[in-house]
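> next come a sequence and a model predicted from it.
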Amino acid sequence: MRTTTITFLIYIICFIGSFSISWAQVETPPQINAVLKNSFFCPNTEQPIVSSFTISNPRNVEIVELFIQISEGYVRNQDKLTLNGNSRNVTPSFSASEGKLTLSTSNSGTTAINDLEEAAKNVVFSSSNNVSGVKKFSFTINDKNYLPSTGHYYEYIPANRITWEDARDDAEKLNYYGLQGYLATITSLEEARLSGEQAPGQGWIGGSDAEKEGTWKWVTGPEAGKSFWIGGINGTTNGTDINPPFEYWSGGEPNDWPNPGIQGEENYLHVYDNGYWNDYPNSNSSITGYIVEYGGMSDDPEVDFGNNETTLKVAEISNPIGDERCGSREINLKANSSRRYGLYFETDTG
């Protein structure tokens, strides 16, 4: 009797230990190390977006594409990413709607990674206008978009005419290296621009006023249950649980169209292809997909993707003070620069 009891206890302990080890394992993703030493950009020039770039591939997954996106500060039809020079076996393709450059190689294995690493060093940013502000660039080895300000990943999944409820359920079946997927919850302008404005079509996101007409809540993701907009038809933002409150409604929305007299006609949130929000019923023929977000859930594992972003700051002149003289006397010219390396002045007469 004693022997049987001891054997049973040992069996239970071994089983629990084996289960714990298996449960804790999380697949390690490829890591990117992008470094940019000179982070200032002068208008009307071309500026490299990395000074060094490497890809670590611990699980030897097949990598034949690299995606580089202007993830913050992008101005459509003005800003551009270009692959300069003749990069070996790498083909570039830039999407102006997404602000994304795709680099594809015809090689495989270590050779493909070497091709992509060298090509990344030859990618330059340029703008057709007098650009200002800050530009951030993200690097991924798949078609998901990374947003530095949230640390989350986003992807647009094409699915013509899919209902909001089906999109919600399908999004929650997805994961990215253990990060739980959900219909995107958008709480900042940067997030609205990347996940909505830079998406290729109309798509569902995770908001609804089905529970109480006129009270729009996020019903997916980390913000589930929090209201972001309260007020009836054509109301205003007030009393929300999101701090600071954020909404990105298109003009005149939400309006419960086409039957504003019928409560709950349009209860679900989607983005137009310009990124602004609108309300639709659960099913609408204009929907072409849905936006999935990864990151921020309480039970998500910690996943190290490396250093996959760089930043360019546009060099700017502020507070200029001019002067003029006729003759050989001195004049005083003053200005402040966002760069610490000095200022250069030009005069009409040299």
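Yes, it's here. Numbers count the residues shown, from 1 in each chain.

> use CA for all of it now, contacts and neighbours both
Will do.

> where does the chain dip in pLDDT?
Filtered on pLDDT under 70, the chain yields the residue ranges 1-26, 232-239, 259-264, 316-319, 325-329, 335-350.

> care to break it down by domain?
Per automatic domain parsing, the domain ranges recorded for the chain read 28-149+305-317, 152-294.

> turn these into TSV, including distance to Asn332.
Compiled in TSV, the domains of the chain are given as follows (distance: least, C-alpha to C-alpha, whole Å):
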stretch	distance to Asn332
domain 28-149+305-317	16
domain 152-294	41
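
> tabulate those in TSV, adding columns for mean neighbour count and distance to Ile331.
Shown next, in TSV, are the domains of the chain (neighbours: other C-alpha atoms under 10 Å; distance: least, C-alpha to C-alpha, whole Å):
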stretch	mean neighbour count	distance to Ile331
domain 28-149+305-317	18	19
domain 152-294	20	44
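
> out of these, which is closest to Glu324?
domain 28-149+305-317 (19.4 Å; C-alpha to C-alpha).

> to Glu330, which of the domains of the chain lies closest?
Go through the domains of the chain one by one with C-alpha to C-alpha and the one that ends up closest to Glu330 is domain 28-149+305-317, at 22.3 Å.

> that closest one: how far from the chain's middle?
Mean-position distance between domain 28-149+305-317 and its chain equals 14 Å (C-alpha atoms, centre = their mean, to the nearest Å).

> please apply the same query to stretch 176-196.
7 Å.

> quick one: end-to-end distance for it.
Taking C-alpha to C-alpha, to the nearest Å, stretch 176-196 runs 20 Å from one end to the other.

> next structured bit after the helix or strand where Ser138 lies?
Element membership for Ser138 (DSSP states H and E) is strand 134-140. As assigned by DSSP H and E, the chain's next helix or strand after strand 134-140 is strand 145-147.

> what does that next one contact?
Strand 145-147 is contacted from outside by 69, 71-72, 138-140, 152-155, 191, 194, using C-alpha atoms under 8 Å, 6 or more residues apart in numbering.

> one more pass at 6 Å, please.
71, 138, 152-154 (C-alpha atoms under 6 Å, 6 or more residues apart in numbering).

> quick one, strands of the stretch 1-150 of the chain?
Along the stretch 1-150 of the chain, counting by DSSP state E, counting those that start in this stretch, strands occupy 31-35, 40-41, 47-48, 52-56, 65-72, 79-83, 90-95, 100-105, 123-127, 134-140, 145-147.

> Asp323 is nearest to which of the domains of the chain?
Of all the domains of the chain, domain 28-149+305-317 sits nearest to Asp323, with 16.5 Å by C-alpha to C-alpha.

> no further queries at this time; thank you.
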